[in-house]
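> Following is a predicted model, sequence given first.
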Amino acid sequence: NAGVMQNPRHLVRRRGQEARLRCSPMKGHSHVYWYRQLPEEGLKFMVYLQKENIIDESGMPKERFSAEFPKEGPSILRIQQVVRGDSAAYFCASSPSGQGPYEQYFGPGTRLTVT
Amino acid sequence: AQTVTQSQPEMSVQEAETVTLSCTYDTSENNYYLFWYKQPPSRQMILVIRQEAYKQQNATENRFSVNFQKAAKSFSLKISDSQLGDTAMYFCAFRRDNAGNMLTFGGGTRLMVKP
C-alpha cells in the first residue's frame, strides 16, 4: 500500500508565476490536509478537504491560494503570482476519517523556492 | 483556539543516555489527541507516539514514552537509550476529537545525539 505521494518534490518558480502542488492520498483515504512549514518553524495548517469539498480553509491566505480535491485525481494546492514569502515546504497528509483516533499520514513534502 | 508550546529550541544528549523534551498546550476541549512527530533531515514527518486524552495511562513505544499531565496540560517525550538515528526535529502536536481533524503543531525542538 503506497503512502501519501506528493509531486514535485522540489519546485522553483520566479516571482509572479503559478505553482501547482499535487498530493495523492493513501488508498482508501478520502480526507486530505495541507500544511505549510516555513524555515525553522513548525507546520501550520492551511486547508482540509474531502472529495469535491473544502471542509475548512481557515489557515489558507485569502488571496492567491486555492485548493481542490476532485472526484478523480490528486488534490491540488495552487499558488498564483508567487512571492518570495511563499518559499516553504508544503506537506500533504491524509486520513481515512475526519474524526476519531485516526492518525494523519504525511507525504514527503514539496519544497517551493521562489526566486 | 488551541496553542502548543515547545520551550526548548535545541537539546543535545550523549548516545545511550536519556533525554526529555517538553511540550505544553492550551485548550478548552476535554477530548483530544496529542502526538509527537519526528522530522529527520529528509523532512519526512514520522509519527513517534500518540496519546488519547481520555486515557490516564501514559503511552509507550519501545524507547519512547510520554508523561501526560492533563490537569497541567503538559505532554513531555522521553527518549531512552538515545541513538544517533534519533537526531532530528521533534514536534509536539494537538488534535481535537471532533469533526475537523487538523493538527496544531508546536515550534519544534532540535535534538542532537552525540556519539
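Nice, I can see it. Numbers count the residues shown, from 1 in each chain, chains lettered A, B, ... in the order given.
> alpha carbons only for contacts and neighbour counts from here, please
OK.
> so where is chain A shaky, pLDDT-wise?
Low-confidence segments of chain A (pLDDT under 70): A:1, A:98-100.
> So what's the residue count around residue A:73?
Burial of residue A:73 is recorded as 12 neighbouring residues (other C-alpha atoms under 10 Å in any protein chain shown).
> Over to the closest residue to it other than its chain neighbours: give its phi and psi.
Closest residue to residue A:73 apart from its sequence neighbours, by C-alpha to C-alpha, 6 or more residues apart in numbering or on different chains: residue A:24 at 7.5 Å. Main-chain dihedrals, residue A:24, degrees, to the nearest 10: phi -110, psi 120.
> Residue A:24 contacts residue A:75, doesn't it?
Yes - contact criterion C-alpha atoms under 8 Å: residue A:24 and residue A:75 qualify, at 6.4 Å.
> Buried residues of stretch B:31-47, list them for me.
Within stretch B:31-47, the residues scored as buried using 16 or more other C-alpha atoms under 10 Å in any protein chain shown are B:32-40, B:43, B:45-47.
> Identify the residues contacting the residue in chain B positioned nearest to chain A.
Residue nearest to chain A within chain B (C-alpha to the nearest C-alpha): residue B:107, separated by 4.5 Å. Residue B:107 sits next to A:41, A:42, A:43, B:4, B:5, B:6, B:9, B:91 when contact means C-alpha atoms under 8 Å, 6 or more residues apart in numbering or on different chains.
> which one of those is nearest residue B:65?
Checking the contacts of residue B:107 against residue B:65 by C-alpha to C-alpha gives residue B:91 as the nearest, at 14.5 Å.
> Could you tell me the model confidence score at that closest one?
Residue B:91 is assigned a pLDDT of 96 by the prediction.
> What about it, how many residues nearby?
Residue B:91 has 29 nearby residues by other C-alpha under 10 Å.
> Span of stretch A:54-67 from start to end?
Taking C-alpha to C-alpha, to the nearest Å, the first and last residues of stretch A:54-67 lie 8 Å apart.
> Tell me how far that stretch lies from the chain's centre.
What separates the centre of stretch A:54-67 from the centre of its chain is 10 Å, taken as C-alpha atoms, centre = their mean, to the nearest Å.
> Tell me which residues of it come out buried.
Using 16+ other C-alpha under 10 Å as the test for burial, stretch A:54-67 gives A:55, A:56, A:57, A:60, A:65, A:66, A:67.
> Please apply the same query to stretch A:81-97.
Under 16+ other C-alpha under 10 Å, the buried positions of stretch A:81-97 are A:81-83, A:86-97.
> and what of stretch A:70-82?
Buried residues in stretch A:70-82, counted by 16+ other C-alpha under 10 Å: A:74, A:75, A:76, A:77, A:78, A:79, A:80, A:81, A:82.
> Can you name the residues of chain B sitting close to chain A?
By the rule C-alpha under 8 Å from any C-alpha of the partner chain, the part of chain B lying against chain A is B:33, B:43-46, B:52, B:91, B:97-108.
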